[in-house]
Each structure stands twice: as structure tokens, then as C-alpha cells.
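Asks: structure, please.
(3 chains)
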Amino acid sequence: MKKGDHLFLVDGSGYIFRAYHALPPLTRKSDGLPVGAVSGFCNMLWKLMKDARNTDVGVVPTHFAVIFDYSSKTFRNELYAEYKANRSAPPEDLIPQFGLIRQATRAFELPCIEMEGFEADDLIATYAKLACEAGADTTIVSSDKDLMQLVGPTVSMYDPMKDRQINIPEVIEKWGVPPEKMVDLQALTGDSVDNVPGIPGIGPKTAAQLLEMFGDLDTLLERASEIKQDKRRETIIANADKARISRELVRLKNDVAVPEPLDDLVLHPANGPKLIGYLKAMEFTSLTRRVAEATGTEASEIEPATITVQRVEDAHGPDVGAGADSTSPSRGGRAAGAGGVVDDGSDPTPALRADPPLKGEGKAGFTPSALAQSRADAAASSKIDRSAYATIRDLATLQAWLAEAREAGIVAFRTETTSLDPMQAELVGFSLAIRPGRAAYVPLSHRSSAVDLLGGGRAPDQLSFDEAFPLLAPLLSDPSVLKVGQSTKYDWLLMHRLGVDIAPFDDTMLMSYVADAGTGGHGIDALAERWLGHAVIPFKDVVGSGKSVVSFDLVDIERATTYSTEGADLALRLWQVLKPRLVANSLMSVYERLEKPLVPVLARMEERGVSVDRQMLSRLSGELAQRAAALEDEVYQLAGEKFTIGSPKQLGDILFGRMGLPGGTKTKSGQWSTTAQVLEELATEGYELPRKIVDWRQLTKLKSTYTDALPGYIHPETKRVHTSYAMAATSTGRLSSNEPNLQNIPIRTAEGRKVRTAFIAQPGNKLISADYSQIELRILAHVADIPQLKAAFANGDDIHAITASEMFGVPVEGMPREVRSRAKAINFGIVYGISAFGLANQLSIPREEAGAYIKRYFERFPGIRDYMDRTKAFCRDTGYVETIFGRRAHYPEIRASNPSIRANSERAAINAPIQGSAADIIRRAMARMEGALVEAGLPDVRMLLQVHDELVFEAAAEDVEAAMPVIVRVMEDAAMPAVALSVPLKVDARAADNWDEAH
DNA sequence: AGGTTGACATA
DNA sequence: GTATGTCAACCTT
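Replies: Purely as a prediction, here's the structure:
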């Protein structure tokens, strides 16, 4: 090898992993052999061998080798036994590809180099050094940071997936240090993937800063006592040895006795027939064709080569380690919050719900708070013994447990099913817990798992659904037995589908939500951790994750017993803790009136679903695709190059970097901001491209989120879309909707509204949409007691116009649109806990001007400023704010010393009582709606959707006229009698064939 | 494959 | 300035 030669070293092992995850999965047509990474690898090699000049490398290789890791054990394990100890097994469909890629390398007639005891990186380092000594240049084909230490004047790296060369400046840009300091930097930061320890708490940013200050690692460790930050200084001194070991682990060995001499790596012309034989065997048709053309070979005359597919256990690949570490998906949501008193109607709490004293708990001398405290203490200190759980496999035992539950009057109930979606789920088994530690699982339809080659056979020794359910059902609806559950809506809906309504019940997720909204999650995992100091078995540990997930009926019964009974046991214990907390904080009425009644109501709404016109969405999708494609061309034209328009990073670089457009601002991660607001401004200044991007984004957003995704949610049997409402997800008391989210269906633009027209009524029916008008401003007028606003609402005046008139002294008659819309923005701002910064942003005016508006507003409506000050003070004192119905929302960070965090909490605390009161009102309306419709002789009018201030119904055309006034009345009167609002509520209702026209 | 970010849909 | 959920791109396992 000589000066002017150019050596390419491909990091084969690194490429395999990256290609596997970055490229779409691909399987060989004839037999389904996974070959995605192999295909990417072959295309990359061919490109580099034939066409490297036209890549970002820009030079032609003279020497070429592909380097692999030999096995997981290397000399580094001698240095540090834990090195790469936490590696987990490669994915199953990647394993056969390791061998295929080595075969591919040979088919390309390229040296395929690996060596026991060394990593590919060490061999690469050695060859790069040898080439350098011979005066030649080297390109390392990899983007692995571990190789960046090798970059220098004659050595560069090349990322083939991004077609990007990495030289000294790129390393500095990415890591803040030049390549020769990469070893020191990695020694400081460590590497969690390879289990290199580093120094805890030091990341790349800090490491670069330290190296900038001290020059190198040795100096840093020597003079560590000079570091100013106390904590940092101490950890560095304490972990100096770890850093030194880490340095040895990350430093690559460049004097390995390599198996092939450098000169043997010389690149030969491709052996067309051999390569084509391999490619044909892999069924890579387009690459076969390209290779045939380039090498002048007649592909049809060549037989496919024989390919050996390695068996899994033979695979060389990175180590097969252990360690599933996962968190459980919790059915509950998360929230924030705190309360008051609702008192109206009859008390729905039966006497049995009274909290009976537990064994050993004195009957006298307990105040509610003391009881709550003693329960919490007891729960936290009692142990959870998984070995005590039982599996029920025969009818006599089941009957005995059911009798015991009846006797106790309370039972925790939990279902296990085949799906997280209650509309798709099939019951697999259920658990009962009668008192802490006394719990059992009843398997019903477990199948023997994959060990059985026939698969899917019924597991032995379990009751059948037909045997067990007739015994279970009466218990679930037994009025004298309280059923305790976690996220009961799921179980309620599931059981409703099977023909039983669960009643009475308590829901620990909702109890926690009412007691502690704002202080953390309300899933069983979070609650068990918080109240019982217990870590639940993660759901993932039971059913697996990713590709290896199995349906719950394939989980073996012993494992299922442990998992499921623990869930029921925990729910029961949580109930014992949370129930007295609600009582102690006067939150029972919030729970009983605003949460529990909604469980069956929402379950029925979810079960009903809504009709969506698949054809209409499909047509719209095609239209959007065409228009987006046209825009794409124009964008490339204007930009002068092709790029991924959907990548804000690439877009920002083109707009503000290469094209040098003015007015760029950075996001908090340092990228150019390309929000619609920024692009709109550029468009106003006459640039063409930003406008196109905004349009393109709108079209692709509509396409991907709505026209393309929604049809996938159409239930195969009902042919309707069934959303799911999260009851404990928000800090304010609002619901949220997911899978799909039907609370954000477009409405603002003409294009978007077309999506809305696809939500339709069944033939012969209409959709009725009823929504509260200005409900949040009305609540603000009430709680802040603002005479002008209350009068305006009482008179039915235009509230934004009145506001503008008060503020600017302009008469309402003939008021310019612009003036009114400014007042409207201010009104919204007030509800959101206004800041001059935010209002300025919204109106695109200077902050000073926005500040002046706010000042004027407070002068005209001093009650609002009083209300805001009172609310903040209350929250600072108590840690929470409350709605007019006593629901609490906790904002502990309102006491933060960081002014920005504190200000954020203050705005949230101002908004929560308003948003939350509105949420409470519509909850009350929903709880009463079905009864009111039945009473009005309209039992077939179905409530389908809730969108915060709107309810959507479906009704037979002939019922519409009668239904609308009932709906409107229930909604307008929803606050009464618990709260007599000093402002009327107004509801507008309309009916039509689709949601767009009804709204 | 999971997690994060930026963008954007709604009230 | 409030409250959400979803998607594509991107980074790292």
C-alpha cells in the first residue's frame, strides 16, 4: 500500500444493528427469511465499491475490508468483568442475518476479517494505523462514536445511511472535543450500552467542559480538587478509578497482530457471476439487475448460490445477555389536584359502603384524619406475600370463595383478557381478593404455550367460562357486595358485553384521582409504590414486549396467578387506604357525583362508538396525497434539493442555514425553530418556500392522523369507531380521549372539516351536537364576580365586544373586527393565567403593548386581578386549588424557588378552577343525561362523544326534535342544585347527517 | 424497539 | 398564557 491509496474499512457488526433498526423489515419472498439488514448491507457495499466517488466520501477505494466482532469475550473482559455485561440478546429475526452478511461479504470477494479476543473496532484501529504509516488514507464506514477517536488528517469516517462524512469538525460539533480527546471524554461519560462505568452524573456536555478546562483526563483527575461545584468535585474524586478503567475500555488497541496483511486488502474487480449467484439466492432482484448490468453478466444464466442459514444457537453475534427491564403499562392515567362539597339529590352511597373498622382497629377515638393516617401506616408496613395466592380449578372451590366474598360484603375483582382494548378483549381469567393476602385466580381459557407444537390447545385443569361465569355474574351484580376494582371502566365494559352490570363498585384509580390529582400517576403500579411501597410485576414481564408479546391466554397459569391475584390484592389494600382519605378530606361527594356515575356512562359511550365513512376518508386521503406530492415537487424546486420535508432539523438547516433566511430562532435543544408561526412570518415577508411547507404540513398531518389512521380503528364487527376515555389523565378534571383521540377532530380549516363530515349518523338517524357557549368565561364571571361580565351574559350580549368596549372605549355598534378579536384573545389569555409574553406572542405585538393591554384590562375589571391573587395565595397555602364543586387540583411546584417553574404553576393554578369547573359541569350533565332522556320517553337517543364542552348524540330522525330541548335543558341546568351560578349557562344544539354540519 | 423531540390537531 | 394525544423523524438499544 502506498501514498494516494485509499482504504475502506466497513464496521460490519455495527452496520448490521443499525441497518436492522433503521431499515424497514424485509423478508425473502419464497420463504419469509428475514433479510432486511442483509439487503441494506449489500446495497451499501455495492454503492461503495462502484460509486464511492458520488457519495459524500468522494474518492474511490483501492483497498477494502469488512470487519466483524468475533464474539463477546475480549481482552476488555479481563480488565473489567462487567464490560458489555448488560447486553441483551439480539432480536430473533436478526440472528440468521449475521451469517448471511458474512456470506455476502465473501460473495463480494471482500476480505471478511474477525479475530478472537478483539472487537472489530480494535482491528479497524490497527488497519487504520498501518495504512497511515504507509502514507495512505482511510475511510471507516461507520457512525459509531467509539470509532471517532481514530479520526484525523488521514482517517475519516463515513455514515453510509446518511451519506455523510465525519471529519474532525464534525466530531467537535457533535461532542465538543476533537477526536484525540474522545477517549478521555468517553472515560468520563461512560457508556450505559457497553456498561462502561464512567463518572456518574457526567454527560457529554459536562465532560467536554471539563476537558476544555483541564486539557486531559489525567490533569483533570490530578487537579480535581480545583473544581468549584461541590457535588461534581466529590463524585469525580470518588470515581477517579472508574474513569481510569473506563479509559482503558474505550481506548482502541491499534497494534493487534492482524490476520491479513494490509496489502491483501486490495480491491479486486467484482466477480459478477459469484455475486449474482448470491444475490439471486437472496432474491434481491433490483440489485441483481444492477450488478448484472455493471459487470456485463447475463443474470438469467446464473444459478442461485446455495445459502447456509445459521441456526440460532450457532450465531456469532454480540453477546446474548440477560435482563428484561421494563415498566408496566398501567391502565390508569395520571393527574394532578384537591376539594369541596357537592350536595344534591339523593345519596347514592348504600349503607354497606360505610367504611367498616378493620380487625384490631378501635371503634372509638378515630377522627377521619387519624383513621386515614393509621390505615396508610398499616398498609405501608404490611408485607405482600405472593406465595399465599391460590389458583381455583374446580367448581366447589370457586363456590366456596364466592360464598366467602358474600360473607365479607366486599371483594376486589380483576379481569385478565386477550386485549387492552375492552371492545376487543376476550376474558381469559379473573381474580378475587377478599382481604389482604387472601386472593385467588380463576383461569378460564388459558392455552398451552408455544412449547406445544400444535399450539393453542386448551391448558388442562381449569374451569370453563360456561361453568364459572354463571356463578360469578350474580356476585358482580349483588347489591350487598361491594366490588373493588382498579380502572373499573374496563372491567365494567367487558362484563357489560357479557351481559352483567357490575354494581355496586368502587374504583381505586378514581379514588386516588379525586384525592391526589396533580401529584403523580394513578395506575396500580404508581399507587402500589406510593402507598404500599410495593413494586408490582410489570405487565411486560408477564406477556413480553415488542415482537415477542403473547396474548394473556398463552401465559402459564402459575405466572398468571401470581400476577393477577397480586393486582386484586393490591386494589383491596389501596381501597382501605384511599377510602378514609376521601372522607378525611371531604372528597366523597366529588368521587360519588363526578367520578363513579360516569363509569357506566362512558363505558356505554365507548361501546356504542360512532360511524365513520370509510370511503369518504379514503377519497380524501387520495386527494391529500396528490396535493402533498405536488407541493413536494415545488418545495424541492424552491429549495434546490431533495430533503425530508417532515424533518424539522433538515428543514431548519436548509431555510436558515443554506438559504440564509432571516429571523431564525432556536428551540431549546438548539435546533432552528420551524413552527407554523415562524414560517407564516417568513411567508408574509415574501418568501415562497415557507408557505408551501405550511401547506404541506397541514395536508400530511390531516392525511396521516385522520384520513389514514381513523379507518384502522373501525371495529371489525360493529363497523364503528370506539374511542377510549381516560378518566384520571388530566390535572383539572377533564377527560381525555385516545385510540383514537376523537377530541381533536379538525374543524378550523375547510380542509380539516372534510374529515369531520366523515363522522356520520346511521341511515334514518341524525347526529345532534350540543355545546356550551363560552362556558369558561361564564365561570370566570361567576367565580371572580365581575358585574359587567355577569350583566353581559345575563343580557345575552357579545362578550368579546363588551370586553373591547370596556377596554378601548369603542361602542359595540360598528366595532371593527380587529378590535373585537383583540379583546377575544385577551379573554382567552385571562382564562389561561395571562402573561404579557404569551399575549404578545398570540397577537404578534411587542411585549410592552401586551403588558399595557393587560394593565388596562385589570383596571377595568379589578375583580379579576383580585381573583387571580386570591387563587395563587390559596394554592401557595394549601398546595391545591379547587373547582366550584370541590374537586381539587394539586400544584406543589407553586412553591418552587425557580421563578419560571413557579410562574408556570401559578398560571396552571389560575386556569384549573375554571377549566375544572367546566369539566365538572359537563360531567354532571352526562351523569344525568340518560335518565332524563328515558324519562322524556326517548330511551333510544344515544350519547356518543364528549369533547370538553360538547356532547354528540345519535338519534332516530323522528326523535330529534323532542331530544334537543331535553339535552339542552340537562346541560344548562347541570350545575344545579349543588351550585347556583350567578350567570346563566347557554347551550346551542343542532342536528344533521354529519358532525361537521351538526356542530 | 423504545424514548424523545418538534410539530400540530382539539377545547 | 391552560388542558390534552398522535404522528414522523431521529437517536440509541
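Asks: now the strands for the stretch 101-250 of chain A?
Replies: Ranges of strands in the stretch 101-250 of chain A, per DSSP state E, counting those that start in this stretch, are A:112-113, A:137-141, A:155-159, A:164-166.
Asks: just name the most buried of those strands.
Replies: strand A:137-141 (a mean of 25; mean count of other CB atoms under 10 Å). Where you see a C-beta, it was placed from the backbone N, CA and C, and this is true even at glycine.
Asks: what packs against that strand?
Replies: If you count contacts as 3 or more CB pairs under 8 Å, 6 or more residues apart in numbering; DSSP states H and E, strand A:137-141 packs onto strand A:6-11, helix A:120-133, strand A:155-159.
Asks: show me the shaky parts of chain A.
Replies: A:86-88, A:230, A:310-366, A:449-456 (pLDDT under 70).
Asks: write out the residues of the stretch 551-700 of chain A neighbouring DNA strand C.
Replies: Contact residues (CB under 7 Å from any atom of the strand) of the stretch 551-700 of chain A with DNA strand C: A:644, A:646-647, A:649-650, A:700.
Asks: which two from those residues end up farthest apart in space?
Replies: A:649 and A:700 (16.7 Å; CB to CB).
Asks: more neighbours: those two, which one.
Replies: Applying other CB atoms under 10 Å to residue A:649 and residue A:700 shows that residue A:700 carries more neighbours, namely 19 against 13.
Asks: can you pull the contacts of that one?
Replies: A:624, A:628, A:646 (CB atoms under 8 Å, 6 or more residues apart in numbering).
Asks: neighbours of residue A:749, just the number please.
Replies: Residue A:749 has 11 nearby residues by other CB under 10 Å.
Asks: please report phi then psi for it.
Replies: phi -110, psi 160 (degrees, to the nearest 10).
Asks: so residue A:237 makes contact with residue A:225?
Replies: Yes: with contacts counted by CB atoms under 8 Å, residue A:237 reaches residue A:225, the gap being 7.2 Å.
Asks: residue ranges of the helices in the stretch 751-900 of chain A, please?
Replies: For the stretch 751-900 of chain A, applying DSSP state H, counting those that start in this stretch gives helices covering A:775-784, A:787-795, A:799-808, A:817-831, A:836-843, A:847-860, A:862-878, A:899-935.
Asks: what about those, which gets the closest to residue A:207?
Replies: Comparing these by CB to CB, helix A:899-935 comes nearest, at 26.9 Å.
Asks: is there any residue in that closest one that contacts DNA strand C?
Replies: Yes: judged by CB under 7 Å from any atom of the strand, helix A:899-935 comes into contact with DNA strand C at A:904, A:907-908, A:911-912, A:915.
Asks: thinking again about what came up before, and the residues of the stretch 551-700 of chain A next to DNA strand C, which of them are in helices?
Replies: Per DSSP state H, helices hold the following members of these: A:649-650, A:700.
Asks: now render those as TSV, adding distance to residue A:506.
Replies: Listed next are these as TSV, based on distance: CB to CB, whole Å:
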residue	distance to residue A:506
A:649	49
A:650	52
A:700	46
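Asks: between the residues you listed, which is nearest DNA strand B?
Replies: Taking CB to the nearest atom of the strand as the measure, DNA strand B lies nearest residue A:649 of those, at 7.3 Å.
Asks: so what's the closest one closest to, chain neighbours aside?
Replies: In space, and not counting its chain neighbours, residue A:649 is closest to residue A:671: 5.7 Å by CB to CB, 6 or more residues apart in numbering.
Asks: one more: residue A:792?
Replies: residue A:802 (4.4 Å).
Asks: need the contact list for that neighbour.
Replies: A:788-789, A:792, A:812.
Asks: go again using 10 Å as the cut-off
Replies: A:788-789, A:791-793, A:795, A:812, A:820, A:823, A:827 (CB atoms under 10 Å, 6 or more residues apart in numbering).
Asks: ok, now residue A:172?
Replies: A:151, A:178-179, A:181, A:208.
Asks: will you turn those into TSV that also has distance to DNA strand C and neighbour count?
Replies: What follows is the contacts of residue A:172, written out as TSV (distance: CB to the nearest atom of the strand, whole Å; neighbours: other CB atoms under 10 Å):
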residue	distance to DNA strand C	neighbour count
A:151	16	24
A:178	18	17
A:179	17	22
A:181	18	21
A:208	14	19
